[in-house]
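Chemist: Fold the following, please.
(chains A and B)
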Protein chains: 2
Amino acid sequence: MIGVGKMGLAMAANMRRAGIQLVVYDISRKACEAAERLGCLVASSPRAVAEQTPTVLSVLPNDKILWDSTLSAEGIAAGLKSGGIHVSCSTVAPETSRKLAEKHKDFGHIFVGAPVFARPDGIAAKNGTWCLSGPSAGVEVAKKILQTTCSGIYEFGEDPGAANVVKLCGNFMIASAIESIGESLALAENNGLDREQVMKMFRETIFNCLIYKGYGNRVASRKHFQDVEHPGFALELGLKDIALVLETASKSSPQVPMPLASLLANRLTASKNLGRADQDWSAIGLHISEEAGVDVSEIVKNPRPE
Amino acid sequence: MIGVGKMGLAMAANMRRAGIQLVVYDISRKACEAAERLGCLVASSPRAVAEQTPTVLSVLPNDKILWDSTLSAEGIAAGLKSGGIHVSCSTVAPETSRKLAEKHKDFGHIFVGAPVFARPDGIAAKNGTWCLSGPSAGVEVAKKILQTTCSGIYEFGEDPGAANVVKLCGNFMIASAIESIGESLALAENNGLDREQVMKMFRETIFNCLIYKGYGNRVASRKHFQDVEHPGFALELGLKDIALVLETASKSSPQVPMPLASLLANRLTASKNLGRADQDWSAIGLHISEEAGVDVSEIVKNPRPE
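Modeler: Below is the predicted model of the structure:
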C-alpha cells in the first residue's frame, strides 16, 4: 500500500485483521511507524513496495502525488512486474486515471480505479462504498482485497476513469445537499423556526439517509470543526473535488453545463477565503447564515467544540 | 372538508374508515359525488359545511382559492361558530396563513396551518408527514383527526405560518435534490456511464431515502409523465412552490438570499416554457439533458409511457 495516512491506515488495519500481508510506503515517517505497529513491513519507496507484490494499492491525496508516485523513477510502475495490478483508491480526475492506465498498459500492468465513499472512521467500521472500474481481471483482484475493508462494492465497467466519474458525481450531490439544507434552514430560522427541530423532521422522514442525517445535524447546529478526533471532510478538499467536477464536465463529450456545481464552487471558494479551508465542508452553511444576516461571529471565532 | 380533489378525497376515505362523519363541499360536482360514495354528506357552500361542524378542514390548490373559500360571503368564516377550528392543509404562503389566522381571530375562531408531505397515493397508504402550527388547542384537535390519515405528525409552535414555512423548506429541498441528480447523471452519461446503474448505487447507499429513490428513478429513466393513474407532482405546481419560497425569502426578516432557489425557479420556468407544465416536476431533468447535448426528442414527443 502506497500512502498510509488516515484513510490508508484504516484500510490497512482491516486488511491486517483479515490476514493480508502488507508492505507499505509513505512520505511521512510517523505514518510508516503507525503502519508498522499494525504488523506491516515498511519499504523505502513506491518502487520498493511494488517490487515485492503483484498488487499495489495507492491511497493518495491528489492527482499530482498519485501521478508522481506512479511514474517517477522510484514509482510504482518502475517496480511492478508485467501482469501486476495497481488499484488506485484516490479521488482524482477521471482523465488522470485514464492516462495512468495507458502508461501502465505500456508496462504490461493493469490499472483499476477504486475511489471510495467513506471517511477513515467509516472505514474503521467497515462502512464504505467502493466504486470500481477497469479491466475485469484487475477488478476481480481489487474486489477480493477491498471486501475485507467495506460493506458495498459497485462495478462500472472497463473504463479506468468511470469509477472516478461516479465518485465526483457523488461528492457533487453531497455538496448540493449541504447547500440545500443550509438555504432551507436559513429560511426557517429567519421565520422564527428552530433549525434543529426542522432538520429533525426531514432526517426522520423524506430525507432519512446517511448524508442528510450527518450533514443536516452539522449545518443545523453549526458544528463544522474537524480534525483527527472530530472526523470530517476538509472544505479545501471539497473545493478541489467540485473543481474536478467542473473540469470533468468541461472535458466531457458533449460538455455538460452544471449551474449547481458552479454555484457550489463559488460558495466553497468564498468560504475558503473566509478562513474555513480546514473546517468540514458543511461550513458553507456559515456563509449562508452570514448572507442571511444571522450573527455567527461567536462560532466563527471559536469553531472548536468544547 | 372543503375541497375533495385528489388529496382531499384520499384523506376523506381514511377518515371515513376511522368512523369520522364528514360534510364536504367542492366546486366540482364530480368530486362531490365521489365523496358521497364514501358516505360523506354534501353541502352547497364552504359556509354551509362550517355551519354543521366545530372543525373544518380545507384541502385547496392555492392561496387565492383558500382565501376566497374562507372569507367570501359563502365562506368558512361566515359559517363557523365562535370557538370553531379551521385546519388548512394547503401548501400556501406563510403570510396567507398568518393573515387568515388574524381574520379568523376576529370571529373567535382558531386557525391551524397543516400542510402535508405526501401525494394522494401516499395518503391512501397512510404514508405522509404533516407539519402543524397554530394555537395549541387547535393543533390538538387537528392531530386527533389527521392521525387517522397518516404516519407522522410534527408540531412547529404557535405561529400559524410556521408549518407552511417548513413545507416550503421541504419542497425546496426536494427540487434541489432533483436538480442535483439531473446534473450528476448528465455528467455520468456524457462520460459513457449508464444513468440507471449510477443512480442505483446512490439510492442503495448514501442517498437511501424516499426522495432520492423516487425522483432518482424518474430522472435516471427520464419517466416524467404524470396523471391520475401515474401519480406525480405537476411541474406547474412545483414552480408555484419555488416562487413562494423566493417570495417568503424576500419577506423574511432579515431577507434570505437563496441562490439555489433562484436557479430552480429559472430551471422550472424554462421547463414550463418548453411545454412540460403538466409533467412531474422531475421533468427539469429533460432540460438538463438537452443542455448537455443529449437527444431526448423521442421522450419529449412521447412522454406518456406505454
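
Chemist: buried residues in stretch A:110-121?
Modeler: Across stretch A:110-121, burial judged by 16 or more other C-beta atoms under 10 Å in any protein chain shown covers A:110-120. The way it works is simple: take the backbone N, C-alpha and C, and place the C-beta from them, glycine included.

Chemist: if you go through chain A in chain order, where are the strands?
Modeler: Along chain A, counting by DSSP state E, strands occupy A:23-24, A:41-42, A:55-58, A:85-88, A:110-113, A:116-117, A:129-132, A:152-155.

Chemist: Now tabulate those in JSON lines and tack on distance to chain B and mean pLDDT.
Modeler: Converted to JSON lines, these look like this (distance: least, C-beta to the nearest C-beta, whole Å; pLDDT from 0 to 100):
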{"stretch": "strand A:23-24", "distance to chain B": "28", "mean pLDDT": "98"}
{"stretch": "strand A:41-42", "distance to chain B": "34", "mean pLDDT": "98"}
{"stretch": "strand A:55-58", "distance to chain B": "21", "mean pLDDT": "98"}
{"stretch": "strand A:85-88", "distance to chain B": "17", "mean pLDDT": "98"}
{"stretch": "strand A:110-113", "distance to chain B": "12", "mean pLDDT": "98"}
{"stretch": "strand A:116-117", "distance to chain B": "6", "mean pLDDT": "96"}
{"stretch": "strand A:129-132", "distance to chain B": "4", "mean pLDDT": "97"}
{"stretch": "strand A:152-155", "distance to chain B": "4", "mean pLDDT": "96"}
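
Chemist: picking up where we left off before, which of the buried residues of stretch A:110-121 sit farthest apart?
Modeler: Spatially, the most separated pair among those is A:I110 and A:R119, at 28.2 Å (C-beta to C-beta).

Chemist: Please name whichever of the strands of chain A is nearest to B:P254.
Modeler: Of all the strands of chain A, strand A:116-117 comes closest under C-beta to C-beta, at 36.6 Å.

Chemist: Show residues contacting that closest one.
Modeler: A:7, A:89, A:123, A:128-131, A:150, A:167, A:170, B:205-206 (C-beta atoms under 8 Å, 6 or more residues apart in numbering or on different chains).

Chemist: For ChimeraX, what selects the buried ones among the residues you listed?
Modeler: Buried residues among the contacts of strand A:116-117 (16+ other C-beta under 10 Å), as a ChimeraX selection:
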select /A:7,89,123,128,129,130,131,150,167,170 /B:205,206
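
Chemist: Hmm, A:H104 is touching A:V87, no?
Modeler: No - contact status for A:H104 versus A:V87: not in contact, 11.2 Å apart, counting by C-beta atoms under 8 Å.

Chemist: which residues sit in contact with the closest residue to A:S28 other than its chain neighbours?
Modeler: Distances taken as C-beta to C-beta, 6 or more residues apart in numbering or on different chains place A:G5 nearest to A:S28, at 7.4 Å, with adjacent residues excluded. Counting by C-beta under 8 Å, 6+ apart, A:G5 makes contact with A:26, A:28, A:31, A:59, A:61.

Chemist: ok, 10 Å please
Modeler: For A:G5, the contact set (C-beta atoms under 10 Å, 6 or more residues apart in numbering or on different chains) comprises A:26-28, A:30-31, A:34, A:59-61, A:120.

Chemist: quick one: contacts for the residue nearest to the spatial centre of chain A?
Modeler: By C-alpha atoms, centre = their mean, chain A has its centre lying nearest to A:T91, at 5.3 Å. For A:T91, the contact set (C-beta under 10 Å, 6+ apart) comprises A:60-63, A:66, A:115-117, A:163-164, A:167-168, A:170-171, A:237, A:240-241, A:244.

Chemist: cutoff 7 Å now
Modeler: Contact analysis of A:T91 by C-beta atoms under 7 Å, 6 or more residues apart in numbering or on different chains lists A:115, A:167, A:241.

Chemist: Check the spacing between it and chain B real quick.
Modeler: With the distance defined as C-beta to the nearest C-beta, to the nearest Å, A:T91 ends up 14 Å from chain B.

Chemist: and if you look at A:V92?
Modeler: 14 Å.

Chemist: ok, now A:E102?
Modeler: Using C-beta to the nearest C-beta, we find A:E102 at a distance of 16 Å from chain B.

Chemist: Likewise for A:A12?
Modeler: Distance from A:A12 to chain B, by C-beta to the nearest C-beta: 23 Å.
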